[in-house]
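A.B. asks: The sequence and its predicted three-dimensional model are supplied below.
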Amino acid sequence: MDVVALGASPEAKPTNPKPTKPPGFKPMAGVPHTAVKSAAGTGHSVVVERCQICDAPDLEPVLFLGYLPPVNAMPAIGSRPCEQPAYPAQVLRCPHCSLVQLGLVVDPAILFPPSYPYTSGTTRVLRENFKELSREVASLYPLSTNDLVIDVGSNDGTLLSNFATRGPVLGIEPTNAGKLAIERGIPTYISFFNRSTIRRVTAEEGHAKLVTATNVFAHIEDVHEVIESVVELMTPDGIFVTESHYLLPLVRTMQYDTIYHEHLRYYSLRSLVNLFDMHDMDVIHARPIPTHGGSIRVYAARRGTYPVRDTVRQMLDAEERELTAERLDDFAKKVAQSKLGLCALLREIKAKGQRVYGVGAPSRASTLINYVGIDAGVMDCVLEIEGSHKIGKYMPGTLIPVCEESKLFEDQPEYAMLLSWHIAEELMPKLWQRGFRGKFIVPLPEPSIM
Ligand SMILES: [Zn+2]
């Protein structure tokens, strides 16, 4: 997991966002951005009183998913229930810059403890996505053989390996995954993404024509500082490419289960355009991509450096039609209905005394299980592939044990609920092929039996 990559250094100074205001934003009197308390190092959580992008105080509630435990809070099977933290998960919308954000920031030390299991996250879909990204860059913004490419939160170097055949690359990665990258020939600074790292990189390696940051941009508390740091790394005509969860498919396909405290912000393109605007940057190209059930890839550069492509206008138009405040209200109602629908479906199954096993324990499963209120009396166990570090533990907030996947084929439960339901089409044929004879429950977007 590359989410810990952008840990702000203690020496990093809090930064003021540029005074440029997004369209429709009215200046707010009161606490300047610098006075907002940071959650990092508190050992607790901090309430989001003001918009994380534009600092407006009048955030509107969208959805409340109850109290969610950290997704890594998985006690060993057999341990007695004990006091454990859970944090309110309220989603808020800023009426000024349109950012959708969580109402609480939890100390990263709680969400990403040293024991946080390393998973490279380089699934087939991600690998293909990175390959496609390098092809897109080559066709839209060709790099010369001297241009440096830097990946922030570079993990095991998978993304950069696609750029390495062309010219110089450099990863910045704080975890041991960086050593794997070095072993495969990808130069990597094993350190946090902070001011001293940036100084060292620019002094020793120069500036980057392309800076990438995938799946980290919604996780970091101070997004303005991240952007300022990235800009420092870039050549004057440098381009920043970032990929994050995308709000539009989240709303369209009921992916409320991707809401948990690691994800602080749920970006629309509108909110990203407003964010970059505050840093005198243009979003020059954007497109939806399929990773994580629906993400957005955005290219940004210093203002006026490149023409803004039509893709930006097209996506903004689609958002203006769909991502209205009314639509978000409707989404919240549908989330509640979907919970009731899933409960009704499970009630019928359990009334017949039939078994339900969960398949897969991704982070999003924790939100689904806790919000819907599924416990060990409803779901007998959750199955993970052999070697998963989650085997032998309880699902967060429950006493549902995580077991090895072969149990599915040995026990043949009547039902298997796909907790990675966003790839249900890929999973079902595989599990049938391997001998599962029961039925599948797909919990979202509509609870259904396959
Ligand atoms: Zn805002």
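C.D. replies: Perfect, thanks for sending it. Residues are numbered from 1 along each chain as shown.

A.B. asks: Start from the N-terminal end of the stretch 101-250 of the chain and give the helices.
C.D. replies: 108-111, 124-140, 158-164, 177-183, 195-205, 223-233, 247-252 (DSSP state H, counting those that start in this stretch).

A.B. asks: What's the local residue count around Phe331?
C.D. replies: 19 (other Cβ atoms under 10 Å). The way it works is simple: take the backbone N, C-alpha and C, and place the C-beta from them, glycine included.

A.B. asks: In space, what's closest to Asp156 - neighbours in sequence excluded?
C.D. replies: Spatial nearest neighbour of Asp156, chain neighbours left out: Leu180 (4.2 Å); criterion: Cβ to Cβ, 6 or more residues apart in numbering.

A.B. asks: same check, this time on Cys82
C.D. replies: In space, Cys82 is closest to Pro75, 7.5 Å off (Cβ to Cβ, 6+ apart).

A.B. asks: wait, the one you found sits on Tyr394?
C.D. replies: Yes - because the distance of 5.4 Å satisfies Cβ atoms under 8 Å, Pro75 is recorded as touching Tyr394.

A.B. asks: Which one's more surrounded, the two?
C.D. replies: Set Pro75 next to Tyr394 and count neighbours by other Cβ under 10 Å: Tyr394 wins out with 21 against 15.

A.B. asks: measure the more buried one to the ion for me?
C.D. replies: Distance, Tyr394 to the ion, using Cβ to the ion, to the nearest Å: 38 Å.

A.B. asks: Show me what that residue is bridged to.
C.D. replies: Pro401 (DSSP bridges).

A.B. asks: what separates it from Val356, distance-wise?
C.D. replies: Per Cβ to Cβ, to the nearest Å, Tyr394 is found 16 Å from Val356.

A.B. asks: still on that earlier bit, can you report phi and psi for the residue nearest to Cys82?
C.D. replies: Dihedral pair for Pro75: phi -70, psi 160, per degrees, to the nearest 10.

A.B. asks: What residues does it make contact with?
C.D. replies: Cys82, Gln84, Lys393, Tyr394 (Cβ atoms under 8 Å, 6 or more residues apart in numbering).

A.B. asks: Model confidence for it, exactly?
C.D. replies: With respect to pLDDT, Pro75 scores 94.

A.B. asks: on that earlier part again, may I ask which two of the contacts of Pro75 are separated the most?
C.D. replies: Comparing every pair within these by Cβ to Cβ identifies Cys82 and Lys393 as the most remote, at 14.0 Å.

A.B. asks: what bits of the stretch 51-200 of the chain have low per-residue confidence?
C.D. replies: Within the stretch 51-200 of the chain, the segments meeting pLDDT under 70 span 114-122.

A.B. asks: who in it is up against the ion?
C.D. replies: Cys51, Ile53, Cys54, Ala56, Cys94, His96, Cys97, Leu99 (Cβ under 5 Å from the ion).

A.B. asks: sec struct for the third one, please.
C.D. replies: For Cys54, the secondary structure call by DSSP: H, G, I helix; E, B strand; the rest coil comes out as coil.

A.B. asks: My guess is it contacts Ser271. True?
C.D. replies: No - if you go by Cβ under 8 Å, Cys54 and Ser271 don't touch, sitting 9.1 Å apart.
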